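Colleague: how would this look folded up:
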Amino acid sequence: MEQPNQQPSLELTVKAVVLGLVLSVLLAAANAYLGLFAGMTVSASIPAAVVSMGLLRLWRRHGILENNLVQTAASAGESLAAGAIFTLPALVLLNAWQGFPYGQVTLITALGGLLGVLFTIPLRCALVTQGPLRFPEGVATAEVLRSGARGGAELRPLALASLAGGLFKLAQAGLRLWPAAIETARRLGPTVAYLGTDLSPALLSVGYLVGLNIAVLIFLGGLANWLIAVPLCACLHPWPVGLDGQALPPLDVAGAIWRDQTRYIGVGAMVVGGLWTIIQLRVALVAGVQSGLAAYRRLRAEPASLPRTERDLPMPLVLALTPCAAVPLFLLYQYFVRNVPVSASMAVLMLCAGFLFSAVAAYLAGLVGSSNNPISGVTIATVLTASLLLTALLGRAAPHGPAAAILIGAVVCCAAAIAGDNIQDLKAGHILGATPARQQLMEILGVLVAALVLAPILSLLYRAYGFAGHASARGEAALAAVQANLMAAVARGVFHGQLPRTFLLIGAAAAVLLIVLDSLLERRGAAFRTPVLAVAIGFYLPFALAVPIFAGGLLHHAAHRTPRRTSRHASAAHSPQAGRGLLFASGLITGEALVGVLLAVPIVLTGRTDALALAHNPLGPWPGLVLLLALAAWFYRTARPRPLP
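Modeller: You can find the predicted model right below:
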């Protein structure tokens, strides 16, 4: 709770607002690159909290509640970037956009993020103050903020890891001293065998953050796809040949089979997993809305009945802003489809799906944290539903049908991403004694300032690297844009009848089996679970990305398999040392991502992806592998709790 010297007057201050908005922009840029590159994003609440602690020490008077507001605004930029990069590049992949138009990108992201904040306000009471949810990352953020009173030592792992991750990325992608991945494939009779791994410290950190259970499932999904499904599909067709009549290289054949066929197993599993998540949460959603409305009625009847720490933004403002936000989106939809009834239907669908999936995202943030929140799964369900509805309203021949479906998905995705982040930050604030209304205001400010810069950031990355599967791709430097490619493929497939239904059905059937298995494990109280969306992500990701994620999960398990006491007054779970691995992981991600964004500048200015290259992979991938192993060893030593002397 609040300390005596941390009065509410030191909560919402000018320096807190300025620092929060600056960090929102920086983290939006970093997460935009990471999400397009790796297909996964992580919560920025903890690194934002650590950075804000260091920066606020430049002032004589500062407090924990100021720190909390800074990280609230800063993490909003990271979350909004996730919602944007999962969907908006799909409009480029569909050739509906030739770039990222500033006005439309800003409108979609700002209004989607605003709806995400508004939709979670009625849910705060039930999920944060009364619900049984653990909010692992929200609790961890509060612990990190409390640790700020012990001095600045907590910044050291983050700073050193950021420097190491940035230098690694500069040497690999800028100076071109080694390639981004080690990959090999062999033709074995009528089939193909593939192995590979990406050389990325950020992916190692992603695996550490999600933990061994999720990392293993992602790896097993990739293993089943690339070592079983891809070889089986290769056996069913003649070996493909190129335009010159020569047989295609095995690496190209394996990639084509995954891209055009087997990754849709993951799509089918994601759709079923997203729907199952909604079904599971139906009771909690209804209870949350009822509890929020009851709290508002109590406040109106007795204004003094609720303390400062329980006051949200006024409910009349929430109820007024929500439909108002739909009006400009209706106009944007009308610009695309030129049909008033259809545009109105899209606006209504967007509001309904936005609230439903924002509530799902908020609940899952309390259950597993924002980093593990399967936003892409619920967005796929939205895009698929919107596509089916629009085919009925517009017909399969509608030229802008797929793009219209993506627009709905983009707003819902931004809303869901912000909802999960907002409810998590509100939990940290509840622990610390913050004012919910002020946190909600800072979240809105963080959303708006991030929305203002996302279009230039996306344009810069697009021009520098391009997107895999699109004419803009710049060779191996192209950004995978995994979720965006998935959204585009689903929307296009529904309208053009090109979805590989066999693979979708296989994925759906596999998802049902995983759901049954997970339910059995839950009843038995097993530590290892099988959430279907984790396996689905493994099926959809390139296998090379799943390998370092798996290695990161193993590193997490190895570092924490034998907890030791770190303090006479604190458990290992909540000691400062217990968070060192978390901060180190966040630093590697932040350093690599920010350098990736900065490297885009010379690429755009020169028009060459090798603008800073000293040589072209002079020693092959081995320097990168050796350095990655050295970073992993350093990571392990940092993350492992230290015994008392």
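
Colleague: list the contacts for Phe86?
Modeller: Phe86 makes contact with Gly35, Ile375, Ser376, Thr379, Cys413, Ala417, Gln483, Ala484, Met487 under the criterion Cβ atoms under 8 Å, 6 or more residues apart in numbering. Any C-beta I mention is one placed from the backbone N, CA and C, and that applies to glycine too.

Colleague: Tabulate those residues (JSON lines), appending pLDDT, distance to Val360 and neighbour count.
Modeller: JSON lines is the format used below for those (pLDDT from 0 to 100; distance: Cβ to Cβ, whole Å; neighbours: other Cβ atoms under 10 Å):
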{"residue": "Gly35", "pLDDT": "79", "distance to Val360": "20", "neighbour count": "28"}
{"residue": "Ile375", "pLDDT": "77", "distance to Val360": "9", "neighbour count": "29"}
{"residue": "Ser376", "pLDDT": "73", "distance to Val360": "13", "neighbour count": "29"}
{"residue": "Thr379", "pLDDT": "82", "distance to Val360": "11", "neighbour count": "30"}
{"residue": "Cys413", "pLDDT": "90", "distance to Val360": "12", "neighbour count": "35"}
{"residue": "Ala417", "pLDDT": "90", "distance to Val360": "12", "neighbour count": "32"}
{"residue": "Gln483", "pLDDT": "83", "distance to Val360": "17", "neighbour count": "28"}
{"residue": "Ala484", "pLDDT": "89", "distance to Val360": "21", "neighbour count": "31"}
{"residue": "Met487", "pLDDT": "88", "distance to Val360": "18", "neighbour count": "33"}
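
Colleague: so of the residues you listed, which ones are in strands?
Modeller: Among the contacts of Phe86, no member falls in strands (criterion: DSSP state E).

Colleague: need those in CSV with distance to Leu619, can you?
Modeller: Shown next, in CSV, are these (distance: Cβ to Cβ, whole Å):
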residue, distance to Leu619
Gly35, 30
Ile375, 39
Ser376, 37
Thr379, 41
Cys413, 41
Ala417, 40
Gln483, 34
Ala484, 34
Met487, 39
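
Colleague: so is the residue nearest to Arg259 when sequence neighbours are not counted in a helix, a strand, or just coil?
Modeller: Leaving out its chain neighbours, the residue that sits closest to Arg259 by Cβ to Cβ, 6 or more residues apart in numbering is Gly469, at 7.0 Å. Look at Gly469: counting by DSSP: H, G, I helix; E, B strand; the rest coil, its state is coil.

Colleague: Look at Leu521 and report its pLDDT.
Modeller: At Leu521, the pLDDT value in this model is 90.

Colleague: Let me see the contact set for it.
Modeller: Counting by Cβ under 8 Å, 6+ apart, Leu521 has contacts Phe528, Arg529, Thr530.

Colleague: secondary structure element for it?
Modeller: helix 501-523 (DSSP states H and E).

Colleague: hang on, the earlier thing: of the contacts of Leu521, buried ones?
Modeller: Thr530 (16 or more other Cβ atoms under 10 Å).

Colleague: Including distance to Glu592, secondary structure and pLDDT, could the contacts of Leu521 go into a markdown table?
Modeller: Formatted as a markdown table, the contacts of Leu521 follow (distance: Cβ to Cβ, whole Å; DSSP: H, G, I helix; E, B strand; the rest coil; pLDDT from 0 to 100):
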| residue | distance to Glu592 | secondary structure | pLDDT |
| --- | --- | --- | --- |
| Phe528 | 30 | coil | 86 |
| Arg529 | 30 | coil | 85 |
| Thr530 | 30 | coil | 87 |
